[in-house]
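Have a look; sequence and predicted model below, questions after that.
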Number of protein chains: 2
Amino acid sequence: MKKDKKTEDTIKQVARAMFIQKGFTGTTTREIASEAGTNLALVNYYFRSKEQLFKQIMLESLHEFFESVVDIFNDNNTTLEIKLERLVERYIDQLTQHPDIPMFILSEIRSNPEIFFKEFLKGTKIRQTVLFNQLTTHLKEKQKQKINPIHIMMNVMSMTLFPFIVKPMISQVTEMPEHEYQALMQERKKLIPMWVKQMVN
Amino acid sequence: MKKDKKTEDTIKQVARAMFIQKGFTGTTTREIASEAGTNLALVNYYFRSKEQLFKQIMLESLHEFFESVVDIFNDNNTTLEIKLERLVERYIDQLTQHPDIPMFILSEIRSNPEIFFKEFLKGTKIRQTVLFNQLTTHLKEKQKQKINPIHIMMNVMSMTLFPFIVKPMISQVTEMPEHEYQALMQERKKLIPMWVKQMVN
DNA sequence: TTATTAATTAAACATATGTTTAAAACAATT
DNA sequence: AATTGTTTTAAACATATGTTTAATTAATAA
């Protein structure tokens, strides 16, 4: 009784891997079909167009990537400190498994900014999150209201995401083997929250 | 006596702007010619191929972008503290004028990692810079030898570069007007060195 | 089994795009 | 002015690539 969907799923899975690694223009429908071991026409048969297929995958990737932190941002039952720790840990875990996702998203924004925000990020407003409000309050309490909380948010994101974005470059410039790099990223789970706490205290 | 080179220069100038904004595959030779107001064939006449043209521009961009900090990294007459301040200030100034350069470079690395490092970054070794050695020594003196100096370098680069990379996203998500964003970036010239000093002291 | 629907295939189609060509226009030199 | 070399042009060429088509095969239902 279960629908088969084998071919359709294979195409999508293969397409996801290729789009994430090489982007929209860097991937051809023929490559997808070939890698999936199916006929070229089936890509269009199942997904109408390369663009449709890409949009589906981008939407799913975004969802997958952000849903894992959205609840942390808006948890009413945790302190600012806990949120920071969880946020960083969750991101580093995610990025360790899917290190290409950030560049996948950033490249798409670069080539299609308007469409990206209209299509994918309709109304995500960081200022309205619990985390942001806690941070604002905290800075006030510590007499640091001169520091725009956006700075702190930027720092958390920067220190967490950027090392993964430039990973290929760092590997080269620092001559560091993969496992050592991984170990560094694991260390950062504890270090980043510590550094951020210093900033806001 | 001065060679004219008008057409050649125009093509290159236009190509640089387009490549930096939309990347190699996102730019067509016809667009370049059209924007430059010249005949399509002249792109190949002067630069042999689109790829050659791209390589020239990438090389120049990299050089321009890194040469401005290389001397800071290796200055024998400045303290660690001064280096950090100068580094951050120089980068933020550069990025304010050319905010698209980081994504330009990162996109190229993404689509052509091997070629990029072989062709463009032959033997850039951060561990051999004066700055890195000063940082290592400093951490030892402060009994923080457990912290890998690479962490600190990552943090400086992350906090400085990342906000420019995700600028289009931040504009959306934080609903911030351009001038306000610029002001934030200027503030970071002082803030980032301060935060980094806290990390290493 | 037979009829109908869905899946698959090879081929063709349409278009975009990098590159080349051959002729013309222009500039410089003798 | 005539020759020579350089620059520019329109057109053609070659190829890559997304998409469609029409026919065939496989699966499902009556």
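Received, thanks.

And the helices in chain A, which stretches?
Using DSSP state H, the helices of chain A run over A:6-22, A:29-36, A:41-47, A:50-73, A:80-97, A:101-111, A:113-119, A:130-141, A:149-165, A:167-174, A:178-200.

Output the longest one as PDB - backbone C-alpha positions only.
The C-alpha atoms that make up helix A:50-73 are tabulated as PDB, following Å, rounded to 0.1, in the frame of the first residue of the first chain:
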ATOM      1  CA  LYS A  50      15.300  22.600 -12.000                       C
ATOM      2  CA  GLU A  51      14.300  25.800 -10.200                       C
ATOM      3  CA  GLN A  52      11.300  24.100  -8.500                       C
ATOM      4  CA  LEU A  53      13.500  21.300  -7.300                       C
ATOM      5  CA  PHE A  54      16.000  23.800  -6.000                       C
ATOM      6  CA  LYS A  55      13.400  25.800  -4.200                       C
ATOM      7  CA  GLN A  56      12.000  22.700  -2.500                       C
ATOM      8  CA  ILE A  57      15.500  21.800  -1.300                       C
ATOM      9  CA  MET A  58      16.400  25.300  -0.200                       C
ATOM     10  CA  LEU A  59      13.200  25.500   1.800                       C
ATOM     11  CA  GLU A  60      13.800  22.200   3.500                       C
ATOM     12  CA  SER A  61      17.400  23.100   4.300                       C
ATOM     13  CA  LEU A  62      16.500  26.400   5.800                       C
ATOM     14  CA  HIS A  63      13.700  24.900   7.900                       C
ATOM     15  CA  GLU A  64      15.900  22.100   9.100                       C
ATOM     16  CA  PHE A  65      18.700  24.500   9.900                       C
ATOM     17  CA  PHE A  66      16.700  27.100  11.700                       C
ATOM     18  CA  GLU A  67      14.000  25.000  13.400                       C
ATOM     19  CA  SER A  68      16.700  23.500  15.600                       C
ATOM     20  CA  VAL A  69      17.500  26.900  17.100                       C
ATOM     21  CA  VAL A  70      14.200  28.800  17.000                       C
ATOM     22  CA  ASP A  71      12.900  27.100  20.100                       C
ATOM     23  CA  ILE A  72      16.100  28.000  21.900                       C
ATOM     24  CA  PHE A  73      15.600  31.600  21.000                       C
END
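
That one vs helix A:6-22, what angle?
70 degrees (axes from the mean of the first three to the mean of the last three Cα atoms, to 10 degrees).

mind giving me the domain ranges of chain A?
What automatic domain parsing lists as the domains of chain A is A:1-48, A:61-200.

check contacts around A:Tyr181.
A:Tyr181 is in contact with A:Lys167, A:Ile170, A:Ser171, counting by Cβ atoms under 8 Å, 6 or more residues apart in numbering or on different chains. For every residue, glycine as well, the C-beta is placed using N, CA and C.

ok, of those, which one's closest to chain B?
Checking the contacts of A:Tyr181 against chain B with Cβ to the nearest Cβ, the nearest one is A:Ile170 at 7.5 Å.

that older thread, Throw the helices of chain A into TSV and include mean pLDDT, thanks.
What follows is the helices of chain A, written out as TSV (pLDDT from 0 to 100):
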stretch	mean pLDDT
helix A:6-22	97
helix A:29-36	98
helix A:41-47	98
helix A:50-73	94
helix A:80-97	97
helix A:101-111	95
helix A:113-119	86
helix A:130-141	98
helix A:149-165	97
helix A:167-174	86
helix A:178-200	97
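
Can you pull the residues of chain A lying near DNA strand D?
A:4, A:27-30, A:40-41, A:43-45, A:48-51 (Cβ under 7 Å from any atom of the strand).
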